[in-house]
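[1] Sequence first, then the predicted structure, then my questions.
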Amino acid sequence: MKILLFGRNGQVGWELQRSLAPLGELVALGSSAQDGLDGDFRDPAAVARTVRSVRPDAVVIAAAYTAVDKAESEPELARTVNALAPAAIAEAARAVGAAVVHYSTDYVFDGSGTRPWREDDPTGPLSVYGRTKLEGEQAIAAAQPLHLILRTSWVYGARGGNFAKTMLRLARERERLTVIDDQFGAPTGADLLADLTAHALPALQADAGKAGIYHVAAAGETTWNGYARFVVAHAQRRGDIVKAGPDQVEAVPTTAFPTPARRPHNSRLSTARFRAAFDLTLPPWEQGVARMLDEIL
């Protein structure tokens with residue numbers, strides 16, 4: 001299998017370079033031109049040309065505009081990167097007979113209620129980011145029926161910045177932290193998403209009936225406050241010297257930290273469809289976060 005990967009330098013893209021390599025020939029691109037191939041999602045026509053030039057068996061789209069708050073002031077750029085470029089890629093992929101794997105987000109929902117979101121639930125994004133990601137989903141589905149759209153939440157990776165690293169830094173500097181306690185979701189590792197993709201893509205190639213939208217996230221749920229408490233408690237157990245332990249992580253509502261973009265309160269995702277379709281188990285979020293912390297501490 002020949003695979004074209006866009007977004008190789010992001011958290012998920014970095015892990016995908018590892019997980020996809022055993023499947024066959026991997027062409028991994030960042031945003032800069034490489035060997036005459038263009039991976040810049042600000043230019044949809046250019047990335048479509050890249051697909052037609054490479055003629056892969058599968059295209060994996062790990063590039064995205066993910067600056068949620070900044071998107072409110074850059075809606076056209078966010079739309080170009082999150083919707084127009086994926087649409088152009090999907091059209092080119094269909095022309096060359098390539099499957100498409102794309103990553104989306106719980107932000108396509110309005111964040112209401114407490115039940116985990118299912119794939120067929122009505123969407124209702126609250127932000128420019130959510131709206132552009134939803135438009136990208138719809139464009140891919142319309143252009144190339146042979147697709148996997150994987151919606152996920154609260155993605156982190158050991159490489160680069162993440163919420164856990166920020167909490168560790170603040171806990172070392174301060175005697176008390178204030179962290180939001182009314183948004184619910186499951187921290188999901190970029191490494192987990194990459195490994196699941198490497199399992200699901202060959203299954204899609206073998207059975208086109210598996211195409212569609214799936215929710216993929218680590219098992220269980222927590223709040224950002226619970227996430228922060230877990231991080232500092234784990235650091236303490238590892239002997240890291242922190243001023244603020246888990247009991248010093250104060251719970252506050254979302255309104256305590258106003259942001260340009262509205263955040264969903266309910267980011268829970270039901271993964272039953274994915275687990276059944278691909279016969280896979282999704283580990284608890286604590287397992288992945290602990291492993292990531294052990295790597296960075």
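    Thanks, I have it. As the structure is a computational prediction, the values presented were derived from the model and not from experiment.

[2] Now for residue 240, how many residues are close by?
    14 (other CB atoms under 10 Å). From N, CA and C alone the C-beta is placed, and that goes for glycine too.

[3] Just say helix, strand or coil for it.
    coil (DSSP: H, G, I helix; E, B strand; the rest coil).

[4] So it sits against residue 164, correct?
    No: taking contacts as CB atoms under 8 Å, residue 240 lies outside contact range of residue 164: 12.0 Å.

[5] Give me the next element, helix or strand, following the helix or strand harbouring residue 46.
    Using DSSP states H and E, residue 46 sits in helix 44-54. Downstream of helix 44-54, the next assigned helix or strand under DSSP H and E is strand 58-61.

[6] Mind giving me the packing neighbours of that following strand?
    Using 3 or more CB pairs under 8 Å, 6 or more residues apart in numbering; DSSP states H and E, the elements in contact with strand 58-61 are strand 2-6, helix 85-96, strand 99-105, helix 190-206.

[7] rewinding a little: other residues contacting the helix holding residue 46?
    By CB atoms under 8 Å, 6 or more residues apart in numbering, the surrounding residues in contact with helix 44-54 are 2, 4, 6, 27, 29, 36-41, 59, 80, 84-85, 87-89, 91-93, 95-96, 98.

[8] Give me the neighbour count for residue 122.
    Neighbours of residue 122 (other CB under 10 Å): 7.

[9] three-state assignment of it?
    coil.

[10] Return the backbone torsion pair for it.
    phi -60, psi 140 (degrees, to the nearest 10).

[11] would you turn the helices and strands packed on strand 58-61 into CSV with mean neighbour count and distance to residue 227?
    Shown next, in CSV, are those (neighbours: other CB atoms under 10 Å; distance: least, CB to CB, whole Å):
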stretch, mean neighbour count, distance to residue 227
strand 2-6, 24, 29
helix 85-96, 23, 29
strand 99-105, 25, 17
helix 190-206, 19, 16
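
[12] got the ones you listed as CSV, with mean pLDDT and distance to residue 159 columns?
    CSV is the format used below for these (pLDDT from 0 to 100; distance: least, CB to CB, whole Å):
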stretch, mean pLDDT, distance to residue 159
strand 2-6, 98, 16
helix 85-96, 98, 23
strand 99-105, 98, 17
helix 190-206, 97, 8
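
[13] list the helices and strands the host helix or strand of residue 293 packs on?
    If you go by DSSP H and E, residue 293 is part of helix 285-296. Judged by 3+ CB pairs under 8 Å, 6+ apart, helix 285-296 is in contact with helix 163-173, strand 188-189, helix 224-237.

[14] so which of the helices and strands packed on strand 58-61 comes closest to residue 218?
    helix 190-206 (6.4 Å; CB to CB).

[15] so how far is the first residue of stretch 175-187 from its last?
    End-to-end distance for stretch 175-187, by CA to CA, to the nearest Å: 25 Å.

[16] any residues touching stretch 170-183, and which ones?
    Against stretch 170-183 from outside (CB under 8 Å, 6+ apart): 111, 167, 223-228, 231-232, 235, 240-245, 248-254, 256-257, 263-267.

[17] What separation do you get for the spatially closest residue to residue 5 that is not a sequence neighbour and residue 146?
    Nearest non-adjacent residue to residue 5, counting by CB to CB, 6 or more residues apart in numbering: residue 28, 4.4 Å away. Distance of residue 28 to residue 146, given as CB to CB, to the nearest Å: 21 Å.

[18] Surely residue 266 touches residue 112?
    Yes: contact criterion CB under 8 Å: residue 266 and residue 112 qualify, at 6.3 Å.
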